[in-house]
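K.L.:
coords please:
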Amino acid sequence: MSFTSKSYPMPFTRLELCILSVVEGELTVLLGKREEEPAKGLWAMPGGVLRIDLDKTLEEAAQRVSEERIDVRLPYLKQQCAVGGAGRDPRAPWSLSVVYRALIPGDNFSPKAGKRLTNLRWTPVKEASQDTGLAFDHQFLIAASVKDLRGEVEAMDLPFDYFPREFTLG
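P.N.:
Residues are numbered from 1 along each chain as shown. Predicted structure coming up:
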């Protein structure tokens, strides 16, 4: 019996990072200003392409993208969701994004704009999840991440070392 290989077009595969923190008492998301097309000049979650020559796992890919885009490895990284479809990204007829979420304490976190980003800023999630001016479909990905994070907070399903030794639970 012989095996015949068929060639199928592959989706354009990206990793997107929804990095959340509490800044001045408000839940915020880290956004980067895109340096190149598509969506040049728009704000977006840091992200990058899956590289089969560099990435052994999706989590390794997410950490590589984090190091390239914001010069930091992310603690508490959690796979949020995968979204895909035609027309999501103009660079390919079909694209897939694997979204990772990280909740980080803002006081010991010093990201720097890296590869393909000109600037970084913390944006209140209330604004970001409703901002139709964000690149791609990132406002929906942020809204989904925030919804899931709020469910985890309600269930007290957070890493214990995220909190300071003493804290108030509201």
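
K.L.:
For the helix ranked longest in the chain, name the packing helices and strands.
P.N.:
Here the longest helix in the chain is taken by residue count, with DSSP state H as the criterion, and it is helix 138-154. Using 3 or more C-beta pairs under 8 Å, 6 or more residues apart in numbering; DSSP states H and E as the contact test, the elements touching helix 138-154 are strand 12-23, strand 26-34, strand 77-86, strand 94-103, helix 125-128. Where you see a C-beta, it was placed from the backbone N, CA and C, and this is true even at glycine.

K.L.:
Kindly format the C-alpha coordinates of the first one as CSV.
P.N.:
These are the backbone C-alpha positions of strand 12-23, laid out as CSV (Å, rounded to 0.1, in the frame of the first residue of the first chain):
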residue,chain,number,x,y,z
PHE,A,12,-1.7,31.9,9.0
THR,A,13,-1.1,31.2,12.7
ARG,A,14,-0.5,33.8,15.3
LEU,A,15,-0.1,34.1,19.1
GLU,A,16,-1.8,37.0,20.8
LEU,A,17,-1.0,38.2,24.3
CYS,A,18,-3.7,39.7,26.5
ILE,A,19,-1.6,41.1,29.4
LEU,A,20,-3.7,42.4,32.3
SER,A,21,-2.8,44.3,35.4
VAL,A,22,-4.3,46.5,38.0
VAL,A,23,-2.9,50.0,37.6
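
K.L.:
and that strand with helix 138-154, angle?
P.N.:
Using axes from the mean of the first three to the mean of the last three C-alpha atoms, to 10 degrees, the inter-axis angle of strand 12-23 relative to helix 138-154 is 50 degrees.

K.L.:
Centre of the chain to strand 12-23, how far?
P.N.:
1 Å (C-alpha atoms, centre = their mean, to the nearest Å).

K.L.:
How about it, which residues are buried there?
P.N.:
Within strand 12-23, the residues that qualify as buried by neighbour count (16 or more other C-beta atoms under 10 Å) are Phe12, Thr13, Arg14, Leu15, Glu16, Leu17, Cys18, Ile19, Leu20, Ser21, Val23.

K.L.:
helices and strands around that strand, which ones?
P.N.:
Counting contacts by 3+ C-beta pairs under 8 Å, 6+ apart, strand 12-23 is packed against strand 26-34, strand 47-49, helix 58-70, strand 94-103, helix 138-154.

K.L.:
Reformat those as JSON lines; add distance to Thr123.
P.N.:
Formatted as JSON lines, these follow (distance: least, C-beta to C-beta, whole Å):
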{"stretch": "strand 26-34", "distance to Thr123": "5"}
{"stretch": "strand 47-49", "distance to Thr123": "16"}
{"stretch": "helix 58-70", "distance to Thr123": "14"}
{"stretch": "strand 94-103", "distance to Thr123": "15"}
{"stretch": "helix 138-154", "distance to Thr123": "9"}
